[in-house]
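1. Requesting a structural model of the entry that follows:
(one chain, ligands or ions: 1)
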Amino acid sequence: MVVIGAVVGAVLTVIAAFGNWLPTQASEEGKRIDFVFWLTTWICVAIFAVVASLIVYSVVKFRASPDDDADGAPIHGHTGIEIVWTAIPFVLVTVISIASAVVLARNDDPGPDPLRVEVTAQQFTWSFRYPNGKVSPTLNLPLRRSAELRLRANDVIHSFWVAEFRQKQDAVPGTDTKVVVTPTKLGEYHVICAELCGLGHAVMRSRTVVMEPAAFERWLEEDAEGEAAEDNP
Ligand SMILES: [Cu+2]
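-> Numbering: from 1, shown residues only. So this is what the prediction gives:
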C-alpha cells in the first residue's frame with residue numbers, strides 16, 4: 001500500500017508541477033490574485049507533505065505485531081507539540097491574511113485616471129456604456145490603462161467575471177458595485193455571468209476585447225452617442 005501510495009504520489013506531483021492550471025493571466029490585478037493563490041496552495045502542499053509523511057512513517061514504525069493484545073501506553077497530551085502546532089498555523093494564516101489584505105486594497109485602487117465604464121447586467125445580457133455616451137454589447141478596453149467598471153443590475157443579482165482578469169464582482173439591484181481591471185494582454189476573452197440568474201443564465205455571455213490604446217480611441221469615437229445601440233441591439 002505504501003509503495004502504491006508513493007507511486008501515485010510521484011505521478012500526481014509531476015502532473016501538478018508541470019500542468020498549466022490557470023487561465024491566461026491578462027490583468028495587473030490577476031497577477032496579484034495568482035500570487036495569493038499560489039502562496040496559499042504551496043503552504044497547503046507543504047503541510048500536506050509533512051502530515052502524509054508522518055502518517056506513513058507512523059503506520060510503518062508503530063504497527064502492532066499480530067500477537068500484541070496489550071493496551072497502548074497512556075498518553076495525556078504533549079504541551080510542546082501542542083504549542084508548535086498552534087503557533088505554526090497561526091503564523092501561516094496571518095501571512096495569508098496580510099497578503100490578501102494588501103492585494104485586495106491594491107486591486108480596489110483604480111489610480112488617478114481610470115477609464116470609467118458603466119456596466120449594466122440584466123436577464124440575460126451585458127451592456128457597456130462609455131464616458132462619451134457610446135454603448136456597446138462588448139467590453140472593449142485599452143491595454144495597460146486601469147478601467148473602473150461600475151456595475152448595475154436591472155432585475156436580479158448577476159456577477160461580472162472574466163477568468164483571464166481574475167476579478168469577479170456581483171451586480172446587485174439597488175446598489176452600485178465596482179471592480180477595477182488593468183488589462184496587460186491583447187486579446188479577446190469571455191465575459192461570463194457567474195451568478196445563477198434565471199433560465200438564460202448559461203447564455204449570459206459577452207466578450208471583452210483588449211486593444212492597443214490608439215485602436216481603442218478610434219473604436220471609442222466610431223458611432224458614439226447611442227448609434228451603436230441602434231445598429232447593434
Ligand atoms: Cu446573470
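
2. So what's the residue count around residue 179?
-> Residue 179 has 23 neighbours, counted by other C-beta atoms under 10 Å. Heads up, the C-betas are built off the backbone N, CA and C, glycines and all.

3. does it sit in a helix, a strand or a coil?
-> Following DSSP: H, G, I helix; E, B strand; the rest coil, residue 179 is assigned to strand.

4. Not counting its neighbours along the chain, what's nearest it?
-> Excluding the flanking residues, the one nearest residue 179 by C-beta to C-beta, 6 or more residues apart in numbering is residue 169, at 3.9 Å.

5. so that neighbour touches residue 160, yeah?
-> Yes: counting by C-beta atoms under 8 Å, residue 169 does reach residue 160; the two are 5.3 Å apart.

6. More neighbours: which of the two?
-> Each of residue 169 and residue 160 had its neighbours counted (other C-beta under 10 Å), and the higher figure belongs to residue 160 (27 against 18).

7. How about the secondary structure of the more buried one?
-> Here residue 160 is recorded as strand under three-state DSSP.

8. Quick one, grab the pLDDT at it.
-> At residue 160, the pLDDT value in this model is 97.

9. intersection of neighbour lists for residue 169 and residue 160?
-> Common neighbours of residue 169 and residue 160 (criterion: C-beta atoms under 8 Å, 6 or more residues apart in numbering): 149, 151, 179.

10. quick one: the first one and residue 200, what's the gap?
-> As for residue 149, its distance to residue 200 is 22 Å (criterion: C-beta to C-beta, to the nearest Å).

11. One more: the last one?
-> Remark: distance between residue 179 and residue 200 (C-beta to C-beta) = 23 Å.

12. Alright, that wraps it up for me.
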